[in-house]
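>>> this one's structure only:
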């Protein structure tokens, strides 16, 4: 996947304090992409907007909580 044209921003849920432990997010009309800010050239997770909405919705309802 060519990600050179994406504009990355730091997730609002990432930790602060300048320790660089961040998740970065890039979004287009057809793609939601996530990467580790410490390793921007490594693997990128990419989702369709519908899949991302489904994941967030399931997360909010506790679908991935460990019992």
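Sure thing, it's come through. Bear in mind the structure is a predicted one, so any value in this text is a computation, not a measurement.

>>> for residue 66, see how far away residue 12 is.
24 Å (CB to CB, to the nearest Å). Every residue, glycine included, has its C-beta placed from N, CA and C.

>>> cool, residue 38 as well?
26 Å.

>>> which one of the two has more residues nearby?
residue 38 (11 against 3; other CB atoms under 10 Å).

>>> got any ranges where this protein has weak pLDDT?
Within the chain, the ranges that satisfy pLDDT under 70 run 1, 11, 13-20.

>>> what segments of it are strands?
With DSSP state E, the ranges of strands along the chain come out as 9-10, 23-27, 32-36, 45-47.

>>> could the ones you listed go into JSON lines alongside distance to residue 2 and mean neighbour count?
Formatted as JSON lines, the strands of the chain follow (distance: least, CB to CB, whole Å; neighbours: other CB atoms under 10 Å):
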{"stretch": "strand 9-10", "distance to residue 2": "19", "mean neighbour count": "12"}
{"stretch": "strand 23-27", "distance to residue 2": "12", "mean neighbour count": "17"}
{"stretch": "strand 32-36", "distance to residue 2": "11", "mean neighbour count": "18"}
{"stretch": "strand 45-47", "distance to residue 2": "11", "mean neighbour count": "14"}
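
>>> got a markdown table for those, with distance to residue 57 too?
Converted to a markdown table, the strands of the chain look like this (distance: least, CB to CB, whole Å):
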| stretch | distance to residue 57 |
| --- | --- |
| strand 9-10 | 22 |
| strand 23-27 | 17 |
| strand 32-36 | 14 |
| strand 45-47 | 13 |
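
>>> can you tell me which of those is nearest to residue 58?
strand 45-47 (12.8 Å; CB to CB).

>>> residues near residue 31, how many?
Neighbours of residue 31 using other CB under 10 Å come to 16.

>>> residue 48 is in contact with that one, correct?
Yes: counting by CB atoms under 8 Å, residue 31 does reach residue 48; the two are 7.2 Å apart.

>>> how near is the nearest residue to residue 32 once chain neighbours are set aside to residue 45?
Distances taken as CB to CB, 6 or more residues apart in numbering put residue 52 closest to residue 32, at 4.3 Å, once the chain neighbours are dropped. The gap separating residue 52 from residue 45 is 10 Å, by CB to CB.
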